[in-house]
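Q: Need a 3D model of the following:
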Amino acid sequence: MKTLLLLSLCGFIGFFSVNWEVNNTEVKQQNIMENMKLKITFEDTELSAVLYDNATTRDFISLLPITTELEDYASNEKIFYPERKLKSEGAHSGYKPSKGDITYYAPWGDVAIFYKDFGHANGLISLGKIDNNGIEKLKEVGEVPVTFELVQD
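A: Numbers count the residues shown, from 1 in each chain. Alright, predicted model coming up:
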């Protein structure tokens, strides 16, 4: 009985240790790039997003402007594939996205924009977040060209 209790206690402590590391990692990825915004346009709609300061975001910026169509994936996110994979060296090993987050999924090489909260995924790197309620408009976008471009404040 003592052994079972001790194992349960170790598992409980281990769970919170891993969870703390994940949350701590996610907090480190949230440094916002100063004086830069991502502008997303489609049809007569214009959205803006903050960009997070990390190597993968800087590589994404080097490809802008990008005009593409978005695919719906798993009724949870809109995705597109940049012309090449982005640099992911030095990035954290995972991320727990929330509604409005712009991310890069390194294993597949796609940019994903979440319109629903999602669980932690290994290989997911945070690039930025759509301002205000813009994600509701992007969620409904169909097969139309969507342009991503950098704007300076």
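
Q: so what's the residue nearest the centre of the chain up against?
A: Closest residue to the average C-alpha location of the chain: Thr103 at 2.1 Å, with CA atoms, centre = their mean. Neighbour list for Thr103: Tyr95, Pro97, Val111, Ala112, Ile113, Phe114, Leu124, Ile125, Ser126, Leu127 [criterion: CB atoms under 8 Å, 6 or more residues apart in numbering]. C-betas here are computed from N, CA, C, even on glycine.

Q: 6 Å - rerun?
A: By CB atoms under 6 Å, 6 or more residues apart in numbering, the contact set of Thr103 is Pro97, Ala112, Leu124, Ser126, Leu127.

Q: Now, those that are in strands?
A: Those of the contacts of Thr103 mapping onto strands are Ala112, Leu124, Ser126, Leu127, per DSSP state E.

Q: On the three-state scheme, Thr57 is what?
A: Put simply, Thr57 is helix when judged by DSSP: H, G, I helix; E, B strand; the rest coil.

Q: Adding distance to Ser88 as columns, could you present the contacts of Thr103 in CSV?
A: Below are the contacts of Thr103 laid out as CSV (distance: CB to CB, whole Å):
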residue, distance to Ser88
Pro97, 16
Ala112, 14
Leu124, 10
Ser126, 12
Leu127, 11
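
Q: With respect to Ala74, which of those residues is nearest?
A: Ala112 (9.8 Å; CB to CB).

Q: excluding its backbone neighbours, what's nearest Glu69?
A: Glu143 (5.5 Å; CB to CB, 6 or more residues apart in numbering).

Q: again, but for Glu71
A: Once flanking residues are discounted, Glu71 sits nearest to Ile79: 5.3 Å by CB to CB, 6+ apart.

Q: looking at this, that neighbour is in a strand?
A: Yes: secondary structure of Ile79 (three-state DSSP): part of a strand.

Q: Now do the contacts for it.
A: Contacts for Ile79 (CB under 6 Å, 6+ apart) come out as Glu71, Tyr73, Asp110, Ala112.

Q: Quick check, Asp101 in contact with Lys129.
A: Yes: here Asp101 reaches Lys129: they are 5.4 Å apart, a contact under CB atoms under 6 Å.
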